[in-house]
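J.: Below is the sequence, then the predicted model.
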Amino acid sequence: GGGEPGGGPVVPAAPAKKKRIGFASRFFQNHAVGLLAKGIIANLPRDRYEVFVFAIDPQDDGVHREIMGAADQAFTFSAELSVVERSLREADLDVLIYPEIGMDPVTYFLSFSRVAEVQAAWWGHPDTTGVKSIDYFISSDVERPGAEAHYSEKLWRMDGLGAYFYRPRVTSDARSRGALRAKLRAKLGLGPKIHFFLIPHELFKFHPEFDEILKQILTRDPQAYLLILNGRERAAWFKKFMQRLKTHIDGGVEGDAAASDVDDQLSKRVLFYSFTKEEDIQNMFEAADVILDTFPVSGYAASLQAFALGIPVVTYPTEVLGGRLTYEMYNIMGIDDCVAKSPEDYVEIALRLAYSSVHKEMLTSRILAANYRLFEDANAIEEWDRFLTSVA
């Protein structure tokens, strides 16, 4: 009762208004960016945040449906800049996150507009935008000291990768590994004594400096076969890449017939494969002897897939974020055996994995024991909460 003198009815405190957080991308589907964003979208604490998803011209697959289902409000658009921009303005967002900027023209040009109080880019494309209206670049403590100089945005370092990855479904087991290898060998018409080096990356990640690594591996290991994805790439790129690789790998000494005969065989051991189902690519991971990370730009979705299966990945970290993502996963697991200190060291690590099954099995058991740290990381949600609380 509020009838006492000096007393009054107790008015409950108004609940704090939830912050409106938006995520906009063309890749909210089964794509590295969709897999990066899905866990954060689903797990931001809903007592404090209302989460909006803006999917631009998405592919309607399982990952896309999970992302849309996890949002409090979800919108799908055709790739029409003015329509998306109007919708973002109308959402009256406190913070807008672009999981990547630079991989798609619609979000790239959208990022020039001020549609939310605070606008940030995340490391789905690990490079600065150079766009004045992007306030923050959300990165990781794997950044080198002084990395602020690499960004036009204010650099925000999260502890760890700041990503809440779900563990990939593992469909194969150790027993099927031998069968997978035999099937792959038969398909490619190869004998039993071979080493498969898998490079599960899109062609745009193959830098000319990396060609030399591939040449060294083929030269040093006569049993080495390189397996390269022939996925969604444009045919013209593929042709150019093949010409470049062949020229580099088969570049024999002019006038030295013997050398050029040997070199001629090198590019014959570069094989391309296309996969149709998700399971196929997992089978390729299982069948490989060694998985190679590209540099100066590394992978992240492929490395996570490999680590989920306990498969070591050879990586050579560079100075910038884009070349340090696999390295950070190893830091989180507390394993450094496959982190190269130089291109020469990279080749040595790769060859040791190919030739020593004991060494590889030991590493596999260590990765399987530690890989839980990479998945469903509650610390990542706390790091996002810290960021959003601080800027919104």
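T.: Looks like it came in fine. Residues are numbered from 1 along each chain as shown.

J.: Can I get stretch 378-390 as CSV, trimmed to CA atoms?
T.: Extracted C-alpha coordinates of stretch 378-390, given in CSV (Å, rounded to 0.1, in the frame of the first residue of the first chain):
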residue,chain,number,x,y,z
ALA,A,378,31.4,-18.7,-24.6
ASN,A,379,34.3,-16.2,-24.2
ALA,A,380,33.5,-14.9,-27.8
ILE,A,381,30.0,-14.0,-26.7
GLU,A,382,31.5,-12.1,-23.7
GLU,A,383,33.9,-10.3,-26.0
TRP,A,384,31.0,-9.2,-28.3
ASP,A,385,29.1,-8.0,-25.2
ARG,A,386,32.1,-6.0,-24.1
PHE,A,387,32.4,-4.4,-27.6
LEU,A,388,28.7,-3.6,-28.0
THR,A,389,28.4,-2.3,-24.4
SER,A,390,31.4,-0.1,-25.0
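
J.: buried set for it?
T.: Within stretch 378-390, the residues that qualify as buried are Ala380, Ile381, Glu383, Trp384, Phe387, Leu388, counting by 16 or more other CB atoms under 10 Å. (Glycine included, C-beta is placed from N, CA and C.)

J.: The fifth one and Ser111, how far apart?
T.: Meaning Phe387. 18 Å (CB to CB, to the nearest Å).

J.: Next: the last one.
T.: In this structure, Leu388 lies at 19 Å from Ser111, with CB to CB as the measure.

J.: Against which helices or strands is the helix or strand Asn379 falls within packed?
T.: Take DSSP states H and E as the rule and Asn379 turns out to sit in helix 378-391. With contacts defined as 3 or more CB pairs under 8 Å, 6 or more residues apart in numbering; DSSP states H and E, the packing partners of helix 378-391 are helix 32-43, strand 136-140, strand 154-158.

J.: average pLDDT across it?
T.: Averaging pLDDT along helix 378-391 yields 96.

J.: again with stretch 48-66
T.: 95.

J.: what is the closest residue to Ala354 other than its chain neighbours paired to in the beta sheet?
T.: In space, and not counting its chain neighbours, Ala354 is closest to His195: 4.1 Å by CB to CB, 6 or more residues apart in numbering. In this entry, His195 is beta-bridged to Ala224, by DSSP bridges.

J.: For His195, list the residues it contacts.
T.: With contacts defined as CB atoms under 8 Å, 6 or more residues apart in numbering, His195 is in contact with Asp221, Gln223, Ala224, Tyr225, Asp289, Val290, Ala354, Tyr355.

J.: Please, where are all the helices along this structure?
T.: 32-43, 62-70, 81-90, 105-110, 174-188, 208-220, 235-249, 257-266, 278-287, 301-308, 325-333, 343-355, 357-370, 378-391 (DSSP state H).

J.: This completes my enquiry, with thanks.
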